[in-house]
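**Q** Got a sequence here, can you model it:
(chains A and B)
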Amino acid sequence: GAVVSQHPSWVICKSGTSVKIECRSLDFQATTMFWYRQFPKQSLMLMATSNEGSKATYEQGVEKDKFLINHASLTLSTLTVTSAHPEDSSFYICSGGGNSNQPQHFGDGTRLSIL
Amino acid sequence: LAKTTQPISMDSYEGQEVNITCSHNNIATNDYITWYQQFPSQGPRFIIQGYKTKVTNEVASLFIPADRKSSTLSLPRVSLSDTAVYYCLVERGGLGGDKLIFGTGTRLQVFP
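**A** Below you'll find the predicted structure:
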């Protein structure tokens, strides 16, 4: 089945640092990918829709200047958390859909801890 | 996208059949119903998808009544490793290209 690879799986950094998370579709092309955030014991919350070759679409309440999304190719989307602070600590998950009635496939997430 | 409602949690014992029901009253004609499983610190994993009636694969069955306003995920003979959170979602067109809105999910705890 379709595979989505997410990197890194775990990162710890100091407050004020910018962190980039990569999401790759390994065996299919994804014109659209999605970024979610999940806090402990809570459900996934959609942050933004990443569109290949165009600007991302952000959900209400998500700061686009804080969470920079780049989708420069059909197999790679990146999420950069700029000037991260402790409240940005969370589990970030990406997903991508294939074509022709294929359900979405999720990466294994990135655990971000800001000290 | 149609909102989904499912029980917050369920308990079961090994070897039992578990049925998790989800309601999606506002499902649209071209919406599919998809179930995902999530273990701690992992991304959700696709279990099964259906449009109507019954769908079965090697791990689960999905029952969808004629009005499609609800669906039931059936896990036969659960084991301890089935302890996870199960999410019911409505997916536009089943094409994978539309955003997914996650509800609370059902936290299934399987006991020995």
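
**Q** which bits of chain A sit near chain B?
**A** Within chain A, the positions near chain B by C-beta under 8 Å from any C-beta of the partner chain are A:1, A:4, A:6, A:31-32, A:34, A:36, A:43-46, A:49, A:91, A:93, A:95-109, A:111. Yep, even glycine has a C-beta here, placed from its N, CA and C like the rest.

**Q** can you rerun that using 7 Å?
**A** By the rule C-beta under 7 Å from any C-beta of the partner chain, the part of chain A lying against chain B is A:32, A:34, A:43-44, A:46, A:49, A:93, A:97-98, A:101-109, A:111.

**Q** out of these, which are buried?
**A** Buried members of the residues of chain A next to chain B, counted by 16 or more other C-beta atoms under 10 Å in any protein chain shown: A:32, A:34, A:44, A:46, A:49, A:93, A:97-98, A:102-109.

**Q** Residue A:96 is in contact with residue A:30, correct?
**A** Yes: Residue A:30 lies in contact with residue A:96 (C-beta atoms under 7 Å); the separation is 3.7 Å.

**Q** bridging residues for residue A:79?
**A** Using DSSP bridges, the beta-bridge partners of residue A:79 come out as residue A:21, residue A:69.

**Q** any idea of the pLDDT on the closest residue to residue A:108 other than its chain neighbours?
**A** Of all residues not flanking residue A:108 in the chain, residue B:43 sits nearest, at 4.9 Å (C-beta to C-beta, 6 or more residues apart in numbering or on different chains). Note on residue B:43: pLDDT of 95.

**Q** ditto for residue A:1
**A** On pLDDT, residue A:1 comes in at 60.

**Q** can I assume residue A:72 sits in a strand?
**A** Yes: assessed with DSSP: H, G, I helix; E, B strand; the rest coil, residue A:72 lies in a strand.

**Q** now for the helix or strand of chain A with the lowest mean pLDDT, which elements pack on it?
**A** Least confident element among the helices and strands of chain A, by mean pLDDT, DSSP states H and E: strand A:104-106 (a mean of 87). Helices and strands touching strand A:104-106, by 3 or more C-beta pairs under 7 Å, 6 or more residues apart in numbering or on different chains; DSSP states H and E, are strand A:90-97.

**Q** Distance from the chain centre to the helix or strand just after the least confident helix or strand of chain A, please.
**A** Using DSSP states H and E, the helix or strand that follows strand A:104-106 towards the C-terminus is strand A:110-114. Here the centre of strand A:110-114 is set off from its chain's centre by 12 Å, with C-alpha atoms, centre = their mean, to the nearest Å.

**Q** Also stretch B:16-33?
**A** On the basis of C-alpha atoms, centre = their mean, stretch B:16-33 sits 7 Å off its chain's mean C-alpha point.
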